[in-house]
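[1] I'd like to go over a predicted model; first the sequence, then the structure.
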Amino acid sequence: MAKPKVASVWLEACAGCHMSFLDMDERLLDLFSRVEITSTPISDIKEIPEVTVGVIEGGLGNEEELHVARDLREKCKILVAWGDCAVFGGINCMRNFIKPEDMLREAYTDTVSTVNPSGVIPHVDLPPLLPQAIPVDRAVKVDVYVPGCPPDADTIAWVFNEILEGRIPKVPSQMMRYD
């Protein structure tokens, strides 16, 4: 029998949720023996393949991310939103209280970086912003929510086990993490 395929994407957020996934330590070996990981944020795959489970981390802040979320939803049977940013918007939605022009000026014009010492990044390099940053379920149907910033590795392992056993889990409140 073919292994279930899993694809994960990382949108507007930090990397903490995927680091929690890696924190599963030896449980990753068990998971990898049971599934085929087809794409991850570090695999740089431009096209998301058809998969059994799609994992999405981060909120939706621009048109590119919206496209990625819709594409993943179309190509997976079960969509898991993990991390506070994906589940309820988290830190990404803080920008909803700041005018986009002010935010972009602060981030790209008034701040000097080692990457671009002048501080100015041409706007053509930036995807168009959505009017507001939003959690994933405002754009696509989510089947499983895993809150936390980041979610606990034990909870992630439990969710994957439930899905691989053919169940659509609802994370019990005692397993939810709010840091």
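    Good, I have the coordinates. Numbers count the residues shown, from 1 in each chain.

[2] who's the residue nearest the centre of the chain bridged to?
    Per Cα atoms, centre = their mean, the C-alpha nearest to the average position across the chain is that of E57, at 1.1 Å. Taking DSSP bridges as the rule, E57 bridges to W10, W82.

[3] quickly note the distance from P172 to D110.
    As judged by Cβ to Cβ, to the nearest Å, P172 and D110 stand 45 Å apart. For the C-beta atoms, the positions are set from N, CA and C on the backbone; glycine is no exception.

[4] could you do I56 as well?
    Counting by Cβ to Cβ, the gap from I56 to D110 is 32 Å.

[5] ok, the two, which is more surrounded?
    I56 (29 against 11; other Cβ atoms under 10 Å).

[6] separation between the more buried one and V124?
    I56 is 27 Å from V124, by Cβ to Cβ.

[7] which residue ranges of this protein form strands?
    Counting by DSSP state E, the segments of the chain that form strands are 5-10, 36-39, 51-57, 60-62, 76-82, 129-134, 144-146.

[8] can you tell which of these is closest to L104?
    With Cβ to Cβ as the criterion, L104 lies closest to strand 129-134 of those, at 8.2 Å.

[9] can you name every helix or strand that that closest one contacts?
    In terms of contacts (3 or more Cβ pairs under 8 Å, 6 or more residues apart in numbering; DSSP states H and E), strand 129-134 is packed against strand 60-62, helix 63-75.

[10] possible to save the ones you listed as a markdown table with mean neighbour count?
    Formatted as a markdown table, the helices and strands packed on strand 129-134 follow (neighbours: other Cβ atoms under 10 Å):
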| stretch | mean neighbour count |
| --- | --- |
| strand 60-62 | 23 |
| helix 63-75 | 18 |
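
[11] ok, and the closest non-adjacent residue to S8?
    Once flanking residues are discounted, S8 sits nearest to V55: 3.9 Å by Cβ to Cβ, 6 or more residues apart in numbering.
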